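Peer 1: Got a sequence here, can you model it:
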Amino acid sequence: MAAKFVVYYDKAKKFRFRLLASNGEIIASGEAYESKASCLNGIKSIQKNAPIAPIVDETIAKEPKKADAKKGTKKAPAKKEPAKKAPAKKAAPKKEEVKKEPEKKEETPDIS
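Peer 2: Numbering: from 1, shown residues only. Predicted structure coming up:
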């Protein structure tokens, strides 16, 4: 079986198309169209333009120009998570004055 275009309704009841490979996998999908005629025109445009469309690889890193190198290319700063608040410190317990009682001497019983 060859590749084929399939026209269908999406959830919003708009017309869309998918390009399916011979094994049934989706190769491409189209935008939402208000009318079936517009959807079919989108398919015709792909059929006409795809065979002659060049491949433009935008993933290849380009060397920065000298003017750009002077400015410096900066990465966007990493998002910082909000600082966590430290738990509130509890007031230290008040030192109570401890009154020392005078030492009592053990009295030995008087055996007489």
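
Peer 1: hmm, who's touching stretch 7-20?
Peer 2: Residues outside stretch 7-20 that contact it (Cβ atoms under 8 Å, 6 or more residues apart in numbering): 3-6, 26-36, 38-40, 42-43, 46. For glycine as for every other residue, the C-beta is placed from the backbone atoms N, C-alpha and C.

Peer 1: Quick one: the helices in the protein, in order.
Peer 2: Ranges of helices within the chain are 36-49, 66-71, based on DSSP state H.

Peer 1: on that earlier part again, would you mind checking the contacts of stretch 7-20 for buried ones?
Peer 2: Buried residues within these, defined by neighbour count using 16 or more other Cβ atoms under 10 Å: 5, 30, 33, 39, 42, 46.

Peer 1: Where does the prediction get shaky in this structure?
Peer 2: Low-confidence segments of the chain (pLDDT under 70): 63-112.

Peer 1: what's the neighbour count on Ala21?
Peer 2: Residues contacting Ala21 under the criterion other Cβ atoms under 10 Å number 13.

Peer 1: Could you check how far it is from Ile46?
Peer 2: 14 Å (Cβ to Cβ, to the nearest Å).

Peer 1: Switch the helices of the chain over to TSV; also include distance to Thr59.
Peer 2: Listed next are these as TSV, based on distance: least, Cβ to Cβ, whole Å:
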stretch	distance to Thr59
helix 36-49	22
helix 66-71	19
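
Peer 1: Between the two ends of stretch 48-55, what distance do you get?
Peer 2: End-to-end distance for stretch 48-55: 16 Å, by Cα to Cα, to the nearest Å.

Peer 1: And it, what's buried?
Peer 2: Buried-residue list, stretch 48-55, by 16+ other Cβ under 10 Å: empty.

Peer 1: do stretch 10-27 as well
Peer 2: In stretch 10-27, counting by 16+ other Cβ under 10 Å, buried: 15-17, 19-20.

Peer 1: Out of those residues, the closest to Glu58 would be?
Peer 2: Nearest to Glu58 out of the buried residues of stretch 10-27 is Leu19 (Cβ to Cβ; 21.6 Å).

Peer 1: Run through the bridge partners of that closest one.
Peer 2: Beta bridges link Leu19 to Phe5, Ala28 when assigned by DSSP bridges.
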